[in-house]
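K.L.:
Structure for this input, please:
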Amino acid sequence: MIKFVQGNSVARRTVLMASILAAGCGVFCAQANGQGRSGMRQHGGGDQELTELTQVLSLTSDQQADVRSLLTDQRQQMQALRNSSAGSDGSDTSQPTKQEQMQTIRKTTNDKIMAMLDDDQKTKFTAWLQQRQGQQHGQGGGQQGGGQQGGGGGATPPPGS
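P.N.:
Residues are numbered from 1 along each chain as shown. Here you go, the predicted structure:
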């Protein structure tokens, strides 16, 4: 066993790193088994969301390609926003917060998806968005910072919910 003495900082760092690694693996495994937060599911990518939308809306192959492109673009915008430092500390009240910016990105994506749908699909899409909103609020997740679904990633209800 390693004897922790004042001068043995390497051993302490090794134990700390091993603990962090073990905790990270536990979180990853929980999410992989579907036990993570619902918002984390969105952040994982748009393929699951695209599959769900394809089933719910009976998307054509052309629509699927367009929606995939929109979800990919949304995910990239959300990631860039998460990685930026602008507006993260709330000190500049004239600038929208990251959460407001993410809501705007989601709304823009939803509007673009809505524009490519026929009337029947629009009705189903609106119902799907409302169902997702209810699921998020019902599970106490609300709007996830990583959400996303997508996060992000994914198409979520418009702001004002």
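
K.L.:
which element follows the least confident helix or strand in the chain by mean pLDDT toward the C-terminus?
P.N.:
Within the chain, no helix or strand scores below helix 38-43, which has a mean of 42 by mean pLDDT, DSSP states H and E. Next helix or strand after helix 38-43 toward the C-terminus (DSSP states H and E): helix 47-57.

K.L.:
Packing partners of that next one?
P.N.:
helix 61-83, helix 119-138 (3 or more CB pairs under 8 Å, 6 or more residues apart in numbering; DSSP states H and E). Every C-beta, even on glycine, is put in place using the N, C-alpha and C of the backbone.

K.L.:
Convert the longest one to CSV, retaining C-alpha atoms only.
P.N.:
C-alpha atoms of helix 61-83 as CSV (Å, rounded to 0.1, in the frame of the first residue of the first chain):
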residue,chain,number,x,y,z
SER,A,61,-35.9,10.4,-47.7
ASP,A,62,-35.4,14.0,-48.9
GLN,A,63,-37.0,15.4,-45.8
GLN,A,64,-34.8,13.1,-43.7
ALA,A,65,-31.7,14.4,-45.3
ASP,A,66,-32.8,18.0,-44.8
VAL,A,67,-33.7,17.4,-41.1
ARG,A,68,-30.4,15.6,-40.5
SER,A,69,-28.6,18.7,-41.9
LEU,A,70,-30.6,21.1,-39.8
LEU,A,71,-30.0,19.0,-36.6
THR,A,72,-26.3,18.7,-37.4
ASP,A,73,-26.1,22.5,-37.9
GLN,A,74,-28.0,23.1,-34.6
ARG,A,75,-25.7,20.7,-32.7
GLN,A,76,-22.7,22.6,-34.0
GLN,A,77,-24.1,26.0,-33.1
MET,A,78,-25.0,24.8,-29.6
GLN,A,79,-21.5,23.3,-29.1
ALA,A,80,-19.9,26.6,-30.3
LEU,A,81,-22.1,28.5,-27.9
ARG,A,82,-21.2,26.2,-25.0
ASN,A,83,-17.5,26.6,-25.8
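
K.L.:
and it, what other elements does it pack with?
P.N.:
Where contact means 3+ CB pairs under 8 Å, 6+ apart, helix 61-83 is packed against helix 47-57, helix 98-115.

K.L.:
can you tell me the distance between the two ends of stretch 76-95?
P.N.:
One end of stretch 76-95 to the other measures 21 Å (CA to CA, to the nearest Å).
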